[in-house]
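Enquirer: Got a predicted structure plus its sequence, pasted below:
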Amino acid sequence: MIVRDPTRPLRSTNVVLALGANLGDRRATLEAAVDDLRVTPGVIVDAVSTLIESVAVTLDGADESAPAYLNGVVLARTVLGPRELLAATSRIEDAHGRIRAERWGSRTLDIDIITFGELRQSDPQLTLPHPRAAERPFVLDPWLELDPDAVLPGLGSVAALRRERASDE
């Protein structure tokens, strides 16, 4: 008897992934990470934003003295469950030299799951949607480039969130 994993969706789920890098050859690493996502079983990449540069954000806020980040967003579909997708993105980060020594520290590659369909969850392993996505222009701007009608579950229109954020800057 085959038993279905209850955390795995029956159909594909739309996901938004944010990628960033501020160490090494940032552009080459991000392009390779997108290629890795394209060949990940159970993941279909639908769109990739242009890459934008942003100031590093640390636990203490923006840090102009740290190497700048290159960021982008990927729209994809997956039949993987949320934790399976997290494991897949972590493997890609590791393959590109990601070291988790310092929270919010510099890194060769960071892949965040911003949304997983309409799923809203909060646990020590994975919070969805990403808890700080609404505060990050380097996530919102490339996402809007790909989907001007995007919605962040529980928070509303990404365009409206970006306008609110712009008024705070």
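Expert: Structure's in. What do you need?

Enquirer: need the contact list for Thr29.
Expert: Going by Cβ atoms under 8 Å, 6 or more residues apart in numbering, Thr29 touches 21, 96, 108-109. C-beta: built from backbone N, CA, C; applies to glycine.

Enquirer: Now Thr13: closest residue in space, sequence neighbours ignored.
Expert: Of all residues not flanking Thr13 in the chain, Gly117 sits nearest, at 4.2 Å (Cβ to Cβ, 6 or more residues apart in numbering).

Enquirer: Pretty sure that neighbour sits against Val16.
Expert: No: contact criterion Cβ atoms under 8 Å: Gly117 and Val16 do not qualify, at 9.9 Å.

Enquirer: quick one, which of the two is more surrounded?
Expert: Using other Cβ atoms under 10 Å as the criterion, Gly117 and Val16 rank with Val16 on top: 25 against 18.

Enquirer: Make sure I have this right: that one is in a helix.
Expert: No: going by DSSP: H, G, I helix; E, B strand; the rest coil, the assignment for Val16 is strand, not a helix.

Enquirer: Please enumerate the shared neighbours of Gly117 and Val16.
Expert: If you check Gly117 and Val16 against Cβ under 8 Å, 6+ apart, no residue is contacted by both.

Enquirer: Having no further points to raise, I will conclude here.
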